[in-house]
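Enquirer: build the 3D model from these lines:
(chains A, B, C and D)
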2 protein chains.
Amino acid sequence: MDESELPRVLQQMWGIEGRSRPGPKPAFHISDIARAAIKLADTGGLPAVSMSKVAAELGFTTMSLYRYVDAKDDLYVVMLEHAFGVPPTLDPADDWRGKITAWAEAFRDGLRRHPWILQIPVQEPPLSPNQLAWMEAGLAAFDGTPLTPGERLSAMLLVNIYVRGAAQLSVNMLTDPAAVRAADQLYTERLKYLATADRFPGIAATLQQPPDEGYAGDFDTGEFTFGLTTVLDGIEARITRQTP
Amino acid sequence: MDESELPRVLQQMWGIEGRSRPGPKPAFHISDIARAAIKLADTGGLPAVSMSKVAAELGFTTMSLYRYVDAKDDLYVVMLEHAFGVPPTLDPADDWRGKITAWAEAFRDGLRRHPWILQIPVQEPPLSPNQLAWMEAGLAAFDGTPLTPGERLSAMLLVNIYVRGAAQLSVNMLTDPAAVRAADQLYTERLKYLATADRFPGIAATLQQPPDEGYAGDFDTGEFTFGLTTVLDGIEARITRQTP
DNA sequence: CGCACACTGTGTGCGCCGTACACAGACCAT
DNA sequence: ATGGTCTGTGTACGGCGCACACAGTGTGCG
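Expert: Now for the predicted structure:
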């Protein structure tokens, strides 16, 4: 395995610098691209991120980006890497539940800061430094448990999946809270009209339960920790089953 | 709430027929659009689905589709509705674990049949007939448990989230198994090169554990039921905690 | 020291996309 | 019969990702 086999973007992100080479020095770095793209996405969502707009934000031409990024997908990878940053340092005094909870909440906060992350089409597992650091931190939360490495991976992925999924449910976490409330109310109204009690008793029961907390949970605190607790209980069951 | 307030696509999918009106009769139905689009997506993935290609598949012009569908997003909704079909009928003799497991596996099978579903950008919760039927079936799996309607919703959503997430991990479930194996091996190789044991001990431990079962599980049987068991254990913990 | 050449950012252009809009023809209510 | 409404069609526009040829830059080697 040679570092030259790595895609260009990975080499840049890992700081693998090729020997000094002839030609003009690059005018910027992929981290600049990431910053510009993230700025656009934070304000206008992922659709606001296009090669031309990112280039314009940097003050360069569209095609100049292709000297740093092989394709649009690579741009997404760089954005992800930059948006999450380094993972949180877990408190060694915590037990595994406390550690993985802190990890999950930090992950959730990252998604809340940059909702467009959820709209990025998932193509392949991550290989960039910060992403691997997040993986490592999530695995480390299970240090001291009797779980095997494979089980730790599954457990971490399960929490990861949960956080992503729970975030997805929050109607794309629109930036405007009033719009969220309006969309939620419209949905509930239509659901009440369509999901009649005779054919959809379960849904109907859910609808008349709380005054306003219907389908989409708040994702802020309550609904999120509720589901997370369930997931962690499942992991705990496996742990206790393994330590008789 | 009037049915006329519903979006056109919803009216069509629920079979709400407006009174007979002047003008030419429609040449086809949105279900035809769905069939054509699904056929394209099944063979060429979601990128193969464009307005013009779907229209060409039907033998009509591009713009004719807009008489049935307000925008591209509506096309996705119709595709989803048609691709999943009706939910499985759950065996009343099963307990809730058996029921929700059957439900989850049927859901997984649907995703495996139509992998492009995972690439559809999620915009809003579903309101179409089959989607609601799936929701209802998932909720009904918890009949007989002491869970409140809200808790049943959370539990069902948790399983739903898990199945989606677990499917996502299978490297987009490429149709060509050889390509999957090659991509997986390339990834593992790069991961071994980048995630050195000194800085990423957890990841490294995961890597040297099994010969070939590294990051992406098979999703076929083993890894899937493993994670599902964990999720169900978490729900079971909540149930037993509620029935002392 | 100078030069060859790899590399930089730029400009042009292609094919595809989603969809707004005007239009001619088809059909039902009156 | 006929007016009005709906149908499918044609044209057109702006934006997208990206291939490719090109002129200028600066380093390593002779």
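Enquirer: how about the residues of chain A near DNA strand C?
Expert: Applying CB under 7 Å from any atom of the strand, one finds that chain A approaches DNA strand C through A:21-28, A:60-64, A:67-68. The way it works is simple: take the backbone N, C-alpha and C, and place the C-beta from them, glycine included.
Enquirer: show me how chain A divides into domains.
Expert: For chain A, automatic domain parsing gives the domain ranges A:3-84, A:96-175+A:209-242.
Enquirer: can I get those domains in JSON lines with mean pLDDT and distance to DNA strand D?
Expert: Below are the domains of chain A laid out as JSON lines (pLDDT from 0 to 100; distance: least, CB to the nearest atom of the strand, whole Å):
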{"stretch": "domain A:3-84", "mean pLDDT": "93", "distance to DNA strand D": "3"}
{"stretch": "domain A:96-175+A:209-242", "mean pLDDT": "88", "distance to DNA strand D": "12"}
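Enquirer: just say which of these is most tucked in.
Expert: Highest mean neighbour count of the domains of chain A: domain A:96-175+A:209-242, a mean of 19 (counted as mean count of other CB atoms under 10 Å in any protein chain shown).
Enquirer: one step back: what is the nearest of the residues of chain A next to DNA strand C to chain B?
Expert: A:Tyr68 (19.5 Å; CB to the nearest CB).
Enquirer: list the contacts of that closest one.
Expert: Contacts for A:Tyr68 were tallied using CB atoms under 8 Å, 6 or more residues apart in numbering or on different chains; they are A:Arg8, A:Val9, A:Gln12, A:Pro26, A:Phe28, A:His29, A:Ile30, A:Ile33.
Enquirer: which strand or helix spans A:Ala237?
Expert: Using DSSP states H and E, A:Ala237 falls within helix A:222-242.
Enquirer: now swap in A:Ala41 and tell me
Expert: Counting by DSSP H and E, the element that carries A:Ala41 is helix A:30-44.
Enquirer: what's that helix in contact with?
Expert: So helix A:30-44 is contacted by A:9, A:12-13, A:48-49, A:53-54, A:57-58, A:65, A:68-69, A:75, A:78-79, A:81-83, A:113-114, A:116 (CB under 8 Å, 6+ apart).
Enquirer: in space, what's closest to A:Ala48 - neighbours in sequence excluded?
Expert: A:Leu40 (4.8 Å; CB to CB, 6 or more residues apart in numbering or on different chains).
Enquirer: all helices in chain A, in order from the N-terminus.
Expert: For chain A, the helices defined by DSSP state H cover A:8-13, A:30-44, A:51-58, A:72-84, A:96-113, A:129-140, A:149-169, A:177-194, A:201-208, A:222-242.
Enquirer: could I get those in a markdown table, plus columns for distance to B:Glu189?
Expert: Formatted as a markdown table, the helices of chain A follow (distance: least, CB to CB, whole Å):
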| stretch | distance to B:Glu189 |
| --- | --- |
| helix A:8-13 | 13 |
| helix A:30-44 | 23 |
| helix A:51-58 | 30 |
| helix A:72-84 | 18 |
| helix A:96-113 | 27 |
| helix A:129-140 | 15 |
| helix A:149-169 | 18 |
| helix A:177-194 | 44 |
| helix A:201-208 | 47 |
| helix A:222-242 | 30 |
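Enquirer: grab the CA positions of stretch A:43-62 and hand them over as PDB.
Expert: In PDB, the C-alpha atoms belonging to stretch A:43-62 read as follows (Å, rounded to 0.1, in the frame of the first residue of the first chain):
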ATOM      1  CA  THR A  43     -27.100  29.700   4.800                       C
ATOM      2  CA  GLY A  44     -28.700  28.200   1.800                       C
ATOM      3  CA  GLY A  45     -28.800  24.500   2.400                       C
ATOM      4  CA  LEU A  46     -27.100  21.900   0.300                       C
ATOM      5  CA  PRO A  47     -28.700  23.000  -3.000                       C
ATOM      6  CA  ALA A  48     -26.800  26.300  -2.600                       C
ATOM      7  CA  VAL A  49     -23.500  24.400  -2.900                       C
ATOM      8  CA  SER A  50     -22.400  24.200  -6.500                       C
ATOM      9  CA  MET A  51     -19.000  24.200  -8.000                       C
ATOM     10  CA  SER A  52     -19.500  27.600  -9.500                       C
ATOM     11  CA  LYS A  53     -20.900  29.100  -6.300                       C
ATOM     12  CA  VAL A  54     -18.100  27.700  -4.200                       C
ATOM     13  CA  ALA A  55     -15.500  29.000  -6.700                       C
ATOM     14  CA  ALA A  56     -17.100  32.400  -6.800                       C
ATOM     15  CA  GLU A  57     -17.100  32.500  -3.000                       C
ATOM     16  CA  LEU A  58     -13.400  31.900  -3.100                       C
ATOM     17  CA  GLY A  59     -12.900  34.400  -5.900                       C
ATOM     18  CA  PHE A  60     -11.700  31.800  -8.400                       C
ATOM     19  CA  THR A  61     -13.200  30.200 -11.500                       C
ATOM     20  CA  THR A  62     -15.300  27.100 -11.400                       C
END
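Enquirer: out of the residues of chain A next to DNA strand C, what pair is the most spread apart?
Expert: A:Pro22 and A:Thr62 (25.2 Å; CB to CB).
Enquirer: check which helices and strands the helix holding A:Ala237 is in contact with.
Expert: The contact analysis (3 or more CB pairs under 8 Å, 6 or more residues apart in numbering or on different chains; DSSP states H and E) places helix A:222-242 against helix A:96-113, helix A:149-169, helix B:149-169, helix B:222-242.
Enquirer: what's the closest of these to A:Thr240?
Expert: Shortest distance between A:Thr240 and these, using CB to CB, is found for helix B:222-242: 10.1 Å.
Enquirer: contacts for that closest one?
Expert: With contact meaning CB under 8 Å, 6+ apart, helix B:222-242 is reached by A:154-155, A:157-158, A:229-238, B:96-97, B:100-101, B:104, B:108, B:145-147, B:151, B:155, B:158-159, B:162-163, B:166, B:217-218.
Enquirer: again, 7 Å this time
Expert: A:154, A:158, A:230-231, A:233-235, A:237-238, B:97, B:100-101, B:104, B:108, B:145-147, B:155, B:158-159, B:162, B:166, B:217 (CB atoms under 7 Å, 6 or more residues apart in numbering or on different chains).
Enquirer: now do the contacts for A:Asp70.
Expert: So A:Asp70 contacts A:Pro7, A:Arg8, A:Val9 (CB under 7 Å, 6+ apart).
Enquirer: of those residues, which is the nearest to chain B?
Expert: Proximity of those to chain B (CB to the nearest CB) peaks at A:Pro7, which lies at 9.1 Å.
Enquirer: skipping its backbone neighbours, what lies nearest the closest one in space?
Expert: Among residues not flanking A:Pro7 along the chain, A:Asp70 sits closest, at 6.6 Å (CB to CB, 6+ apart).
Enquirer: state the distance from that neighbour to A:Val9.
Expert: 7 Å (CB to CB, to the nearest Å).
Enquirer: just checking, A:Ala197 touches A:Ile203?
Expert: No: using CB atoms under 7 Å, A:Ala197 is not in contact with A:Ile203, being 8.7 Å away.
Enquirer: ok, A:Thr148 to DNA strand C distance?
Expert: Distance, A:Thr148 to DNA strand C, by CB to the nearest atom of the strand, to the nearest Å: 44 Å.
Enquirer: right, I mislabeled it, should have said A:Thr43
Expert: Distance, A:Thr43 to DNA strand C, by CB to the nearest atom of the strand: 21 Å.
Enquirer: A:Ala140 contacts B:Gly202, correct?
Expert: Yes: the pair A:Ala140 / B:Gly202 is scored as a contact, 5.4 Å apart, by CB under 7 Å.
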